[in-house]
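Participant: Show me how the following folds:
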Amino acid sequence: MSSLLVTNIGELVTNSSECGPTPLGIIRDAAILVENEHIAWVGRAIDAQSISADARVDAQDAAVIPGFVDSHAHLIFAGDRADEFEARMSGAAYTAGGIKSTIAATRTATDDELRTNLRRLIHEANSSGTTTIECKSGYGLTVLDETRSLKIAQEVTSETTYLGAHIVPAEFSERRDEYVSLVVGEMLDACAPYAKWIDVFCDRGAFDPESTRRILKAGIAKGLLPRIHANQLEQGKGVQIAVEFDAASADHCTHLSQADVDALASSDTVATLLPGAEFSTRSVYPNARALIDAGAMVAIATDCNPGSSYTTNMPICIALAVREMHMTPAEALAAATLGGAKAIRREDIGRLTPGTRADFVLLNAPTYLHLAYRPGVNLISRVFISKGKS
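Facilitator: Modelled structure (predicted):
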């Protein structure tokens, strides 16, 4: 049996109200016992003095938090779009049209090139405290390229998402119905063995409600679980479709009606907010306050992609959520951990309670508040990740 005792934790965030008096379940002067890659015990450091373990770590009164759960990322791609970013910062409007250049670069990249870039981004994410990350296809949009994207993604995470319905590629621009038929037919057949989720970009310029429903139904019939890109560019039907299909998550949620807010609040569908996208596109931020006050479950994710949110850093997304979306620091941390876990319907991550995976982060700070209080500062002292794909 392999065990680890982390003690002298000044502030331990468990995300369980059973462990502490606040929703974050904070225990002060705490300790954690890890056995066989899972949390075996949490409690006061004084009560851990008699516990023996194979290894010990002294946190020296620093804070420990659950590992971040990044439930929305596009990591299989080649090239970058720095020129496009520069144009937006010079006043050009964001239209999502730049995806076409990433598709061209991804199609011509070798498997090893895609794999190397993926592992670079995973290392970045892990280094900034992310211990679980979802990974989408969507930059190949051929049967071959979507399949190989998911095969490569499956090497690093169990949270793989088939996003053949990202946009309609240029070669099908005059044959949109044919492309939808490909997405629900041959492409789905090839990709389903390597995916857990199916996603659709339901928005202006992408896929309409009718096509979205058709694609989700086909994926569900193949055993995939639904999630959706919804209401990023305009208020539309995406959120309502997400709730209709009991999707795990409706992602972006930038433009919501009161009916959308009410629908999310009365459902099990998580509203996943992606502040990096609004930052990078100079767009209006989602109304997180309305969602939280209505009782909706909210997650924060990076939306890491080369066009509209080229970051793997969850701490900066937390800081943006606090500053620009009026979330409290506690709400933002919960959204980046427990909320992300709920957005991929996982009970074994996002919390630090007995039986959960031993995925946690030792901060170079006395409290989690510093994640928003000191934006842009690397406060990640050490990251503990359970072995195996998360």
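
Participant: wait, T302 sits on T312?
Facilitator: Yes: contact criterion CB atoms under 8 Å: T302 and T312 qualify, at 5.8 Å. (Each C-beta comes from the backbone N, C-alpha and C, glycine too.)

Participant: Report the set of residues contacting both of those two.
Facilitator: Residues touching both T302 and T312 (CB atoms under 8 Å, 6 or more residues apart in numbering) are 70, 73, 125, 130.

Participant: Ranking by neighbours, what's the top pick from these?
Facilitator: D70 (32 neighbours; other CB atoms under 10 Å).

Participant: Any idea what it is bridged to?
Facilitator: Assessed by DSSP bridges, D70 has beta-bridge partners I133.

Participant: Helix or strand with the lowest mean pLDDT in the chain?
Facilitator: helix 82-89 (a mean of 90; mean pLDDT, DSSP states H and E).

Participant: what's the neighbour count on the closest residue to I46 other than its chain neighbours?
Facilitator: If the residues on either side of it in the chain are set aside, I46 comes closest to D29, at 7.0 Å by CB to CB, 6 or more residues apart in numbering. D29 has 16 neighbours, counted by other CB under 10 Å.

Participant: Wait, a strand at D29?
Facilitator: Yes: the assignment for D29 (DSSP: H, G, I helix; E, B strand; the rest coil) places it in a strand.

Participant: quick one: average pLDDT of the biggest helix by length in the chain?
Facilitator: With secondary structure taken from DSSP state H, the chain has its longest helix at helix 111-127. For helix 111-127, the mean pLDDT works out to 98.

Participant: hey, C-alpha coordinates of that helix in CSV?
Facilitator: Coordinates of each C-alpha in helix 111-127 appear next as CSV, following Å, rounded to 0.1, in the frame of the first residue of the first chain:
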residue,chain,number,x,y,z
ASP,A,111,0.0,12.4,-35.8
ASP,A,112,3.2,13.1,-33.9
GLU,A,113,2.9,16.9,-34.5
LEU,A,114,-0.6,16.8,-33.1
ARG,A,115,0.5,14.6,-30.2
THR,A,116,3.4,16.8,-29.3
ASN,A,117,1.2,20.0,-29.3
LEU,A,118,-1.4,18.2,-27.2
ARG,A,119,1.2,17.1,-24.6
ARG,A,120,2.7,20.6,-24.4
LEU,A,121,-0.8,22.0,-23.6
ILE,A,122,-1.5,19.3,-21.1
HIS,A,123,1.8,20.0,-19.4
GLU,A,124,0.8,23.7,-19.3
ALA,A,125,-2.5,22.9,-17.8
ASN,A,126,-1.1,20.6,-15.2
SER,A,127,1.5,23.1,-14.2
